[in-house]
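*Asks:* Any chance you can model this:
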Amino acid sequence: MLKENVDRLGDLLLTPLILDRKILLFKAALAELLEGLQKYLTYLYLASKKMSANHQQHEPVRLARQTTVVEGNNHADKEYEKLKQEMEKVDYYEPVELCGFQPNCKQKRRRWINSLSLPFPKFAYHYGNYL
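*Replies:* Residues are numbered from 1 along each chain as shown. Sure, this is the predicted structure:
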(Lines give C-alpha, C1' and ligand atoms only; values in the text may rest on other atoms or scores of the structure.)
Protein backbone atom coordinates (compact mmCIF):
# COMPACT_ATOMS: atom_id res chain seq x y z
CA MET A 1 0.00 0.00 0.00
CA LEU A 2 2.84 2.40 0.81
CA LYS A 3 4.46 1.62 -2.54
CA GLU A 4 1.23 2.44 -4.37
CA ASN A 5 0.98 5.79 -2.60
CA VAL A 6 4.62 6.60 -3.36
CA ASP A 7 4.00 5.78 -7.02
CA ARG A 8 0.96 8.09 -7.05
CA LEU A 9 3.03 10.83 -5.46
CA GLY A 10 5.66 10.37 -8.18
CA ASP A 11 2.97 10.61 -10.83
CA LEU A 12 1.67 13.80 -9.22
CA LEU A 13 5.10 15.41 -9.66
CA LEU A 14 4.85 14.78 -13.40
CA THR A 15 1.46 16.43 -13.94
CA PRO A 16 1.44 19.72 -15.91
CA LEU A 17 -0.21 21.61 -13.04
CA ILE A 18 2.78 20.99 -10.82
CA LEU A 19 5.07 22.56 -13.43
CA ASP A 20 3.51 26.00 -12.86
CA ARG A 21 5.95 28.55 -11.35
CA LYS A 22 3.50 29.44 -8.58
CA ILE A 23 3.71 25.94 -7.17
CA LEU A 24 7.51 25.49 -7.28
CA LEU A 25 7.88 25.61 -3.49
CA PHE A 26 5.21 22.96 -3.08
CA LYS A 27 6.83 20.86 -5.78
CA ALA A 28 10.22 21.03 -4.01
CA ALA A 29 8.69 19.92 -0.71
CA LEU A 30 6.81 17.15 -2.49
CA ALA A 31 9.97 15.96 -4.23
CA GLU A 32 11.83 15.88 -0.90
CA LEU A 33 9.01 13.90 0.70
CA LEU A 34 8.98 11.48 -2.22
CA GLU A 35 12.74 10.93 -1.95
CA GLY A 36 12.45 10.18 1.76
CA LEU A 37 9.58 7.77 1.22
CA GLN A 38 11.50 5.95 -1.53
CA LYS A 39 14.50 5.54 0.78
CA TYR A 40 12.19 4.21 3.48
CA LEU A 41 10.62 1.75 1.02
CA THR A 42 14.10 0.50 0.07
CA TYR A 43 14.97 0.07 3.75
CA LEU A 44 11.73 -1.85 4.40
CA TYR A 45 12.38 -4.13 1.43
CA LEU A 46 15.95 -4.91 2.54
CA ALA A 47 14.91 -5.40 6.19
CA SER A 48 12.10 -7.73 5.13
CA LYS A 49 14.48 -9.70 2.93
CA LYS A 50 17.01 -10.01 5.78
CA MET A 51 14.31 -11.02 8.27
CA SER A 52 13.01 -13.69 5.88
CA ALA A 53 16.53 -15.09 5.55
CA ASN A 54 16.89 -15.10 9.36
CA HIS A 55 13.61 -17.01 9.74
CA GLN A 56 14.78 -19.62 7.22
CA GLN A 57 17.93 -20.43 9.23
CA HIS A 58 18.00 -23.43 11.52
CA GLU A 59 20.38 -21.87 14.07
CA PRO A 60 19.72 -18.68 16.07
CA VAL A 61 20.80 -15.34 14.65
CA ARG A 62 22.60 -14.41 17.87
CA LEU A 63 24.13 -16.95 20.18
CA ALA A 64 23.96 -16.50 23.96
CA ARG A 65 27.74 -16.08 24.16
CA GLN A 66 27.45 -13.02 21.90
CA THR A 67 24.89 -11.28 24.10
CA THR A 68 26.00 -12.27 27.58
CA VAL A 69 28.53 -10.43 29.71
CA VAL A 70 30.09 -11.71 32.93
CA GLU A 71 32.39 -9.32 34.75
CA GLY A 72 34.26 -9.79 38.01
CA ASN A 73 36.00 -7.53 40.49
CA ASN A 74 38.16 -8.15 43.55
CA HIS A 75 36.80 -5.27 45.61
CA ALA A 76 33.55 -3.49 46.36
CA ASP A 77 33.12 0.25 46.61
CA LYS A 78 31.75 1.60 49.88
CA GLU A 79 28.65 2.65 47.98
CA TYR A 80 27.83 -1.02 47.33
CA GLU A 81 28.77 -2.39 50.77
CA LYS A 82 25.15 -3.10 51.86
CA LEU A 83 24.48 -4.94 48.61
CA LYS A 84 27.66 -6.96 49.04
CA GLN A 85 26.62 -7.99 52.57
CA GLU A 86 23.19 -9.02 51.32
CA MET A 87 24.70 -11.07 48.50
CA GLU A 88 26.99 -12.88 50.93
CA LYS A 89 23.90 -14.09 52.83
CA VAL A 90 22.18 -15.75 49.84
CA ASP A 91 23.10 -18.94 48.03
CA TYR A 92 24.91 -18.92 44.70
CA TYR A 93 22.72 -18.18 41.68
CA GLU A 94 19.95 -16.84 43.87
CA PRO A 95 18.79 -13.50 42.44
CA VAL A 96 19.03 -10.39 44.59
CA GLU A 97 16.55 -7.58 44.00
CA LEU A 98 18.40 -4.25 43.60
CA CYS A 99 15.41 -1.99 44.31
CA GLY A 100 16.22 -1.66 48.01
CA PHE A 101 19.82 -0.64 47.31
CA GLN A 102 19.71 1.59 44.25
CA PRO A 103 18.94 5.34 44.26
CA ASN A 104 15.41 6.54 43.43
CA CYS A 105 16.51 9.22 40.95
CA LYS A 106 16.58 7.83 37.38
CA GLN A 107 19.91 9.44 36.45
CA LYS A 108 21.63 8.42 39.68
CA ARG A 109 20.20 4.90 39.41
CA ARG A 110 21.55 4.53 35.88
CA ARG A 111 25.03 5.66 36.97
CA TRP A 112 24.82 3.42 40.04
CA ILE A 113 24.04 0.32 37.97
CA ASN A 114 26.61 1.13 35.27
CA SER A 115 29.39 1.53 37.81
CA LEU A 116 28.28 -1.41 39.98
CA SER A 117 31.41 -2.78 41.60
CA LEU A 118 31.29 -5.99 43.63
CA PRO A 119 33.73 -8.85 44.31
CA PHE A 120 31.22 -11.18 42.62
CA PRO A 121 30.73 -11.85 38.91
CA LYS A 122 28.11 -9.61 37.35
CA PHE A 123 25.92 -11.25 34.75
CA ALA A 124 24.15 -9.20 32.12
CA TYR A 125 22.05 -10.33 29.18
CA HIS A 126 21.53 -7.76 26.43
CA TYR A 127 18.03 -8.38 25.19
CA GLY A 128 16.21 -6.63 22.39
CA ASN A 129 16.26 -6.42 18.64
CA TYR A 130 19.84 -5.44 17.82
CA LEU A 131 20.11 -7.31 14.53
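*Asks:* what sits up against the helix or strand containing R8?
*Replies:* Here R8, judged by DSSP states H and E, is contained in helix 2-13. Residues outside helix 2-13 that contact it (C-beta atoms under 8 Å, 6 or more residues apart in numbering): I18, K27, L30, A31, L33, L34, L37, Q38, Y40, L41, L44. Bear in mind the C-beta positions are built from the backbone N, C-alpha and C, glycine included.
*Asks:* Grab the nearest non-local neighbour of the fifth one.
*Replies:* If the residues on either side of it in the chain are set aside, L33 comes closest to L9, at 7.2 Å by C-beta to C-beta, 6 or more residues apart in numbering.
*Asks:* How many residues are close by that neighbour?
*Replies:* 15 (other C-beta atoms under 10 Å).
*Asks:* related to what we said a few turns ago, can I get the contacts of helix 2-13 in TSV with neighbour count and pLDDT?
*Replies:* Formatted as TSV, these follow (neighbours: other C-beta atoms under 10 Å; pLDDT from 0 to 100):
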residue	neighbour count	pLDDT
I18	14	63
K27	16	82
L30	16	86
A31	14	89
L33	12	91
L34	16	91
L37	16	92
Q38	15	93
Y40	12	93
L41	14	93
L44	12	92
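*Asks:* Need those in CSV (columns: secondary structure and distance to L98).
*Replies:* As requested, those are arranged in CSV below (DSSP: H, G, I helix; E, B strand; the rest coil; distance: C-beta to C-beta, whole Å):
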residue, secondary structure, distance to L98
I18, helix, 60
K27, helix, 57
L30, helix, 52
A31, helix, 53
L33, helix, 47
L34, helix, 50
L37, helix, 45
Q38, helix, 47
Y40, helix, 40
L41, helix, 44
L44, helix, 39
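*Asks:* Nearest to Q57 among those?
*Replies:* Q57 lies nearest to L44 out of those, by C-beta to C-beta, at 20.8 Å.
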